[in-house]
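K.L.:
Sequence and predicted structure below; questions after.
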Amino acid sequence: MRDDRAVTAWALAARTGDETAVERFVRATQLDVRRYVTHLSGDAQAADDLVQDTYLRALRSLPRFEGRSSARTWLLTIARRTVADRLRSMAGRPRLAGTDDWQTAVEKAQPRGVPGFDEGIALTELLSALPAPRREAFVLTQLLGLPYAETAAIAGCPVGTVRSRVARARETLVSLLAEEAEPEAARTTCTVGALVPARAARVSADSAA
């Protein structure tokens with residue numbers, strides 16, 4: 001159960017070096033941070049490093065945290081900058097990912113009990129088809145449960161833009177799920193045809209909007 005008031009209180013107490021408060025703050029937020037950086041970066045193998053870097057930055061910045069926003073929103077804003085810095089530093093470098101490490105990192109980042117997304121890997125593959133701004137808005141609001149206003153503060157855009165991105169992300173995900181179901185339905189009814197998923201083309205065209 002999310003309790004942002006408690007998380008913010010722990011962050012404020014941690015400013016003075018309260019080790020128990022630091023531990024509680026990290027424990028209460030680390031899964032959200034892991035999910036967010038994994039989906040935002042598109043690099044599940046780097047999740048551990050991104051989480052660690054996020055908390056190192058946050059703990060150094062804690063003395064300046066005044067509680068004007070929730071500590072969770074403040075922390076995810078730091079996580080966003082951490083991912084952005086990594087993407088800039090890795091631009092142009094080849095990405096080598098071991099399959100086992102990639103799957104383990106993704107499974108750690110998955111939420112529990114999300115209707116229709118029982119398979120963590122399947123969820124990640126679906127989300128990876130979304131344009132980055134829509135993926136971020138969807139992850140923050142639908143997976144992490146942040147209010148639209150807080151999501152807008154993290155993403156640095158108007159609330160209306162967040163609502164639009166989430167709505168369009170939902171439309172794309174529903175379309176992709178329907179496409180996944182079509183081949184199975186065709187086999188069941190013995191009407192196997194030339195069912196060629198148009199996932200990449202549709203998402204590419206949708207991204208231009």
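P.N.:
Arrived safely, thanks for sending. Residues are numbered from 1 along each chain as shown.
K.L.:
Tell me where the protein has helices.
P.N.:
In chain order, the chain shows helices spanning 4-14, 19-41, 47-61, 71-90, 99-109, 120-128, 132-138, 148-155, 159-188, 199-207, with DSSP state H as the criterion.
K.L.:
Run a quick check on residue 50 versus residue 81, I expect a contact.
P.N.:
No. Distance between residue 50 and residue 81: 10.9 Å, which falls outside the contact criterion (Cβ atoms under 8 Å). Quick note: C-beta positions are derived from backbone N, CA and C, even for glycine.
K.L.:
So those two - more neighbours on which side?
P.N.:
A direct count of neighbours by other Cβ atoms under 10 Å for residue 50 and residue 81 places residue 50 higher, at 23 against 13.
K.L.:
what's near enough to touch that one?
P.N.:
Applying Cβ atoms under 8 Å, 6 or more residues apart in numbering, we find residue 50 in contact with 37-38, 41, 79, 82-83, 86.
K.L.:
Any chance of a markdown table for those, columns pLDDT, neighbour count and distance to residue 69?
P.N.:
Listed next are the contacts of residue 50 as a markdown table, based on pLDDT from 0 to 100; neighbours: other Cβ atoms under 10 Å; distance: Cβ to Cβ, whole Å:
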| residue | pLDDT | neighbour count | distance to residue 69 |
| --- | --- | --- | --- |
| 37 | 92 | 27 | 19 |
| 38 | 89 | 26 | 23 |
| 41 | 85 | 21 | 23 |
| 79 | 95 | 26 | 14 |
| 82 | 94 | 24 | 18 |
| 83 | 91 | 23 | 19 |
| 86 | 86 | 17 | 23 |
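K.L.:
wait, which of the residues you listed is closest to residue 151?
P.N.:
Each of these was scored against residue 151 by Cβ to Cβ, and residue 79 proved nearest at 13.0 Å.
K.L.:
Residue 12 and residue 67: what is the separation?
P.N.:
Computed as Cβ to Cβ, to the nearest Å, the residue 12 to residue 67 distance reads 5 Å.
K.L.:
ok, these two, which is more surrounded?
P.N.:
Each of residue 12 and residue 67 had its neighbours counted (other Cβ under 10 Å), and the higher figure belongs to residue 12 (17 against 13).
K.L.:
distance of that one from residue 87?
P.N.:
Applying Cβ to Cβ, the value for residue 12 to residue 87 is 31 Å.
K.L.:
Next: residue 75.
P.N.:
In this structure, residue 75 lies at 19 Å from residue 87, with Cβ to Cβ as the measure.
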